[in-house]
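Novice: Turn this into a structure:
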Amino acid sequence: MSPYEALVRAVPLARRSPMITGFEPQRPWLKLGGLIALAMLLMVVVTIVLAIIVRIIPGATDQLGLSGPLPETPLRLIGESVSTLLLAAILGSLAVAILAAASMIYLRPLADFLWPGRRFNAGDLGVGFLAMACVSVILFPFYLVMGAQWTPPLLSPTYADWTRPVFVVASIVGLLGAAAAEEVVCRGVLLRLTTQLTRHPVVLCLINGLLFSALHLDPDPVAYVARALSGAIWTWAAIRLGGLEFAIGAHLANNLMICLFWQPLSASEVGRDSDWIELAPEVFVAIVMLVVIERLADGPRDWRLARLAPRGAA
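Specialist: Numbering: from 1, shown residues only. Purely as a prediction, here's the structure:
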């Protein structure tokens, strides 16, 4: 069976995903307005609290206000660690505010926006992480051939040795929080809300991918398409697997491999002019991820423990 035939076969199954079905609120537009109002209120409160905390932490204001790469000093990795943890705290707090608002407005448990009808599945998160990490390693040589600049933080002799383990731990914690926050908002709350417009899984993937990319505010059209493709694939994973775990793991691996073995987070270029040929690796990643997702969805599922149908039939 070709990948295309497998995808065609999977679409009817995806239509019955718990991430699509079972969410039919009464007076949806009124509730949407209430969600927006409550989410904005909670985000304002969270922003004020974060602003106070940032003012208390020495040097935190400078980390947030700096545009471009951090200074190239022996202690740069400490600054990168602080920046990553601050970013995770900001994104995580805003995501919690939005998730809490959705739970209160729609009178549903938090898990209904994350992995409805079942428990958290650590296996899916691990598979997503390993799959994306392996694909990233394979792609690094191709990016080098295409002329990309390679400045791996962990291999640079410029930085003090004792800062490397600190940087690794901070990157794992911070990027996990940031990835989970983006997935909760986009593949959790936003996906559930957009099912009020359409329940076609492919259309939902396209909508979610475009909105996910737009939230990054990157004017580079190539980067926009690349992020939209990633967002669409992770949306498909959430739909087919009935939860966000795989998407969180893959999202974490993608960001972690870049920050540890390619370039620091502060050096990430936004608004640069990319060549369209740079989309080729992204298409390869999308195909590999689709294959992994479908193999995982068709395998034995623990949904039976929650008295739900196997994922292949859900």
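Novice: Show me where the stretch 51-200 of the chain has its helices.
Specialist: 60-65, 76-106, 122-145, 163-183, 191-194 (DSSP state H, counting those that start in this stretch).
Novice: Format the ones you listed as JSON lines; extra columns: mean pLDDT and mean neighbour count.
Specialist: Any C-beta I mention is one placed from the backbone N, CA and C, and that applies to glycine too. Compiled in JSON lines, those are given as follows (pLDDT from 0 to 100; neighbours: other CB atoms under 10 Å):
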{"stretch": "helix 60-65", "mean pLDDT": "58", "mean neighbour count": "14"}
{"stretch": "helix 76-106", "mean pLDDT": "93", "mean neighbour count": "20"}
{"stretch": "helix 122-145", "mean pLDDT": "91", "mean neighbour count": "17"}
{"stretch": "helix 163-183", "mean pLDDT": "95", "mean neighbour count": "20"}
{"stretch": "helix 191-194", "mean pLDDT": "94", "mean neighbour count": "21"}
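Novice: Out of those, which gets nearest to Val288?
Specialist: Each of the helices of the stretch 51-200 of the chain has some distance to Val288 by CB to CB; the shortest is helix 122-145, at 5.4 Å.
Novice: Could the C-alpha coordinates of the closest one be exported in CSV?
Specialist: Provided in CSV are the C-alpha atoms of helix 122-145 (Å, rounded to 0.1, in the frame of the first residue of the first chain):
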residue,chain,number,x,y,z
ALA,A,122,4.1,8.6,27.8
GLY,A,123,4.9,6.1,25.1
ASP,A,124,3.5,8.3,22.3
LEU,A,125,5.6,11.2,23.7
GLY,A,126,8.7,9.1,23.6
VAL,A,127,8.0,7.7,20.1
GLY,A,128,7.4,11.3,18.8
PHE,A,129,10.7,12.5,20.4
LEU,A,130,12.8,9.6,19.1
ALA,A,131,11.3,9.8,15.6
MET,A,132,12.0,13.5,15.2
ALA,A,133,15.4,13.3,16.8
CYS,A,134,16.5,10.6,14.4
VAL,A,135,15.1,12.5,11.4
SER,A,136,17.0,15.6,12.6
VAL,A,137,20.3,13.8,12.7
ILE,A,138,19.7,12.5,9.2
LEU,A,139,19.0,16.0,7.9
PHE,A,140,21.9,17.8,9.4
PRO,A,141,24.3,16.8,6.6
PHE,A,142,21.8,18.0,3.9
TYR,A,143,21.5,21.4,5.5
LEU,A,144,25.3,21.7,5.6
VAL,A,145,25.5,20.8,1.9
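Novice: Distance from it to the middle of the chain?
Specialist: Here helix 122-145 is found 14 Å from its chain centre; the criterion is CA atoms, centre = their mean, to the nearest Å.
Novice: what's it packed up against?
Specialist: helix 245-261, helix 279-298 (3 or more CB pairs under 8 Å, 6 or more residues apart in numbering; DSSP states H and E).
Novice: quick check: angle from the shortest one to helix 76-106?
Specialist: With axes from the mean of the first three to the mean of the last three CA atoms, to 10 degrees applied, the angle from helix 245-261 to helix 76-106 works out at 160 degrees.
Novice: list the buried ones in helix 245-261?
Specialist: By neighbour count on 16 or more other CB atoms under 10 Å, the buried set for helix 245-261 is 245-261.
Novice: for the protein, where's the lowest mean pLDDT among helices and strands?
Specialist: helix 60-65 (a mean of 58; mean pLDDT, DSSP states H and E).
Novice: Met289 reaches Ser136, doesn't it?
Specialist: No: under the criterion of CB atoms under 8 Å, Met289 makes no contact with Ser136, lying 11.6 Å away.
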